[in-house]
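Q: mind looking at a prediction? Sequence and model below.
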Amino acid sequence: MPNKYELNPDAVTFARELIDSRRYVLDSDWGAVQPKADAQNAYLDKHDWDEYAAWHLGLTVGAADETKARYAFVYGDFRRLHRTGLIACVYRAAEYRHKDVELAAHDLLQYLDSNSG
């Protein structure tokens with residue numbers, strides 16, 4: 001049975017703050033810049049779980065808090081939001097029918113596009 005996800009409203013707020021402060025990348029190869037396990041671990045060495053969670057639009061239902069399994073749909077590289085990361089979130093959430101995450105990622109993509117010129 002596939003995982004179920006809830007929307008992480010704190011991540012939506014944080015993503016909007018990143019856009020408002022122009023901390024974003026408009027064109028990147030998401031497959032190359034998406035944080036891998038070593039980057040996630042390095043981030044967690046210096047930041048708390050709430051900060052880590054803010055980079056993820058989805059919360060895995062049933063997974064324990066303060067575990068990497070709890071957080072899904074990463075949209076940035078832990079420094080900046082990536083437009084391609086939002087696109088990946090929209091696509092993946094739509095593919096598996098995680099409607100709340102899909103719509104939030106879509107709204108953030110539209111917000112980014114309207115604010116980035």
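A: That came through fine. Numbering: from 1, shown residues only.
Q: pull up the pairing partners for the host helix or strand of Gly58, direction included.
A: Counting by DSSP states H and E, the element that carries Gly58 is strand 56-60. In the sheet, strand 56-60 lines up against strand 5-7 (antiparallel), strand 71-74 (antiparallel) (DSSP bridges).
Q: now, of the ones you listed, which is deepest in the fold?
A: The densest packing among the strands paired with strand 56-60, expressed as mean neighbour count by mean count of other C-beta atoms under 10 Å, is seen in strand 71-74 with a mean of 23. For glycine as for every other residue, the C-beta is placed from the backbone atoms N, C-alpha and C.
Q: coming back round to it: with distance to Ala88 and mean pLDDT as added columns, please give the strands paired with strand 56-60 in CSV.
A: Converted to CSV, the strands paired with strand 56-60 look like this (distance: least, C-beta to C-beta, whole Å; pLDDT from 0 to 100):
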stretch, distance to Ala88, mean pLDDT
strand 5-7, 14, 97
strand 71-74, 8, 98
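Q: one step back: please save the CA atoms from the strand holding Gly58 in CSV.
A: What follows is strand 56-60 as a C-alpha-only set of coordinates in CSV (Å, rounded to 0.1, in the frame of the first residue of the first chain):
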residue,chain,number,x,y,z
HIS,A,56,9.3,19.3,2.7
LEU,A,57,5.7,19.9,1.5
GLY,A,58,4.5,16.5,2.6
LEU,A,59,4.3,14.7,6.0
THR,A,60,4.1,10.9,5.8
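Q: closest to Val33 out of the strands paired with strand 56-60?
A: The closest approach between Val33 and any of the strands paired with strand 56-60, judged by C-beta to C-beta, belongs to strand 71-74 at 10.6 Å.
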